[in-house]
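# below is the structure, and that's it, no one-letter string:
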């Protein structure tokens, strides 16, 4: 799982782009207990979701013409310019940047060779999120892609990510970790689009990264998401050895998932 001991190649930021930032504030406050704080008058409406005073995500207003409502996962890099060039050389695209965000860091928005959007964050004064891998914060990231091998090769070349297979009854799961931290720094996985009914449903959005947020009770979060106008894309489901997972979307369609502990068995 993620921690805030960020190394190159690990997710160190996530944010949601939405046409209704006030609605997003209300939804995620009700869902996770997040507060929203503006980044200031010159930030174009960008702000920070906080939990107990610590930044756990970002949020920004966009129009439907600018971009669809979505979550983006950003990866730590030491040189955003060089990493963006490596992405282009690996047949990805640079969608925006790299640009300086005052003295906080350097940001870029990219797309991999299958079209999945992701970001880069080169730390300045801000190293990344204040909390990760604990309740209410980012804990996992999953890539849905039509070609697992091609995706693994792309992210290895661009971010230095390594993959490993974990077996489970009926198949295997491809995990990813940054080279610097080894498998102890594992933060996510790669899932082929169309691999089973859940993944086929996910494929309706095309290739994409899906952020997971740690929660104490996935079933309770699913219920709150419905009450708050969100969509349940996959009901809370037990994954042996992992926990209880649900896939959701906020009222404007931004997709994310939650991961909670599996319920204890009664003796």
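That came through fine. Since we're looking at a predicted model, the values are computed, not measured.

# strands along the stretch 1-150 of the chain, start to end?
Remark: strands assigned in the stretch 1-150 of the chain by DSSP state E, counting those that start in this stretch are 11-18, 35-38, 47-51, 54-61, 70-76, 93-101, 105-111, 117-123, 138-145.

# so which of those strands gets nearest residue 159?
strand 70-76 (5.5 Å; Cβ to Cβ). In this view, the C-beta of every residue, glycine as well, is placed from N, C-alpha and C.

# parallel or antiparallel, list what pairs with that closest one.
Counting by DSSP bridges, the strands paired with strand 70-76 are strand 11-18 (antiparallel), strand 117-123 (parallel).

# and it, how far out from the chain middle?
Here strand 70-76 is found 5 Å from its chain centre; the criterion is Cα atoms, centre = their mean, to the nearest Å.

# tilt between that strand and strand 138-145?
100 degrees (axes from the mean of the first three to the mean of the last three Cα atoms, to 10 degrees).

# circling back to that earlier point, as CSV, the strands paired with strand 70-76 with mean pLDDT, mean neighbour count and distance to residue 59 would be great.
Formatted as CSV, these follow (pLDDT from 0 to 100; neighbours: other Cβ atoms under 10 Å; distance: least, Cβ to Cβ, whole Å):
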stretch, mean pLDDT, mean neighbour count, distance to residue 59
strand 11-18, 98, 25, 5
strand 117-123, 98, 23, 14
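
# ok, which of the ones you listed comes nearest residue 248?
The closest of the strands paired with strand 70-76 to residue 248 is strand 11-18. By Cβ to Cβ, the value is 12.4 Å.

# how much space between the closest residue to residue 1 other than its chain neighbours and residue 8?
Ranked by Cβ to Cβ, 6 or more residues apart in numbering and with sequence neighbours excluded, the top spatial neighbour of residue 1 is residue 133, at 4.4 Å. Look at residue 133 and residue 8: by Cβ to Cβ, to the nearest Å, they are 18 Å apart.
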